[in-house]
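> Quick one: sequence and predicted model below, then my questions.
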Amino acid sequence: MELSTHLSRLRKLRRLTQSSVAEFLSKRGPKTYTFKTVSQWETGVSEPSVEVFLLLCQLYEVRDIQTEFGMTVIYRSAPQVRSLNSLGNERVGEYKNLLLRDPQFCDIPIEKSRVIRLYDLPVSAGHGVFLDGSDYEEYETSEKIAEDADFAVRIQGDSMTPRFADGQVIFIEKTETLEPGEIGIFTLNGEALCKKLGRGELISLNSRYSPIDIGEYDSLFALGRVLG
């Protein structure tokens, strides 16, 4: 299977948009990327650099590059490796995976993984569903942002795009106080929402959604602040 097909499949498996992938890479990679760049990788027009490829593997939660891709796709453009046959490339891939596990040989710091509570019931970025505090799974992540998080939730809906995509896991710091302009998890009249706090309203990042006014008799509580 071609690298482009693998990348497209992994992104869709994680229910991420090309724009959200580009945003992730722009924050952590060597330059700014757009959805067009991601599209070119997924259609075979171009290929990501080794550094960006490893960031994509991090985002798509690829634990074993050799097993997932079945070939050393990130090395095939290197002149010294291009002439190797399939067996030679397989050996290079195995050696590469060994080196990736040792910080002595990595320019990109190896991040320690952490297990955090990921709640099964998604926080809706559209209409809102209640976040059940007892229904969760153990979620392993190596994202540095998760170090300050108390729990994680999975977004549902598109009202918080382009920053947060449908199906994306976001990390939350518990707090009952947020300032206007901050994005948090709120319960409004018993419904859980991921929104930006305004002055007397909850705001979606997607302009297709109107702000939700907070009335005098509405019950609003903050569950936490969205990190990142």
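Looks like it came in fine.
> What are the buried residues along stretch 219-228?
A222, L223, G224, R225, V226, L227 (16 or more other Cβ atoms under 10 Å). Every residue, glycine included, has its C-beta placed from N, CA and C.
> Excluding chain neighbours, what is closest to the fifth one?
The one in question is V226. I183 (4.3 Å; Cβ to Cβ, 6 or more residues apart in numbering).
> Quick check: R154 is in a strand.
Yes. Applying DSSP: H, G, I helix; E, B strand; the rest coil, one finds R154 inside a strand.
> Remind me which helix or strand F24 belongs to.
Taking DSSP states H and E as the criterion, F24 maps to helix 18-28.
> List the contacts of that helix.
With contact meaning Cβ atoms under 8 Å, 6 or more residues apart in numbering, helix 18-28 is reached by 11, 32-35, 37-39, 42, 52, 55-56, 59, 161-165, 168.
> how much space between W41 and S142?
22 Å (Cβ to Cβ, to the nearest Å).
> Looking at the two, which is more packed in?
W41 (22 against 13; other Cβ atoms under 10 Å).
> and the angle for the helix or strand encompassing that one with helix 18-28?
Here W41 sits within helix 35-43, counting by DSSP H and E. For helix 35-43 against helix 18-28, the angle by axes from the mean of the first three to the mean of the last three Cα atoms, to 10 degrees is 110 degrees.
> re the thing from before, gap between the helix holding F24 and the chain center?
9 Å (Cα atoms, centre = their mean, to the nearest Å).
> buried sites along it?
For helix 18-28, by 16+ other Cβ under 10 Å, it's Q18, S19, S20, V21, A22, E23, F24, L25.
> show me where pLDDT drops low in this protein?
Applying pLDDT under 70 to the chain flags the ranges 1, 66, 70-112, 120-134.
> What ranges does it have for its helices?
Remark: helices assigned in the chain by DSSP state H are 3-13, 18-28, 35-43, 50-59, 65-69, 79-82, 86-100.
> picking up where we left off before, in ChimeraX, how would I select just the buried ones from the contacts of helix 18-28?
Typed into ChimeraX, the line below selects the buried ones among these, using 16+ other Cβ under 10 Å:
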select :11,33,37,38,39,42,52,55,56,59,161,163,164,165,168
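> and A165, what is it in contact with?
Contacts of A165 (Cβ under 8 Å, 6+ apart): R15, L16, T17, S19, S20, I155, D158.
> for S49, same thing?
By Cβ under 8 Å, 6+ apart, the contact list for S49 reads P30.
> And it, how far from C57?
13 Å.
> tell me the domain boundaries of this protein?
3-105, 114-226 (automatic domain parsing).
> Give me the buried entries from the contacts of A165.
L16, T17, S19, S20, I155, D158.
> Between those, which sits nearest E179?
Top of the list for closeness to E179, among these and by Cβ to Cβ, is I155 at 21.6 Å.
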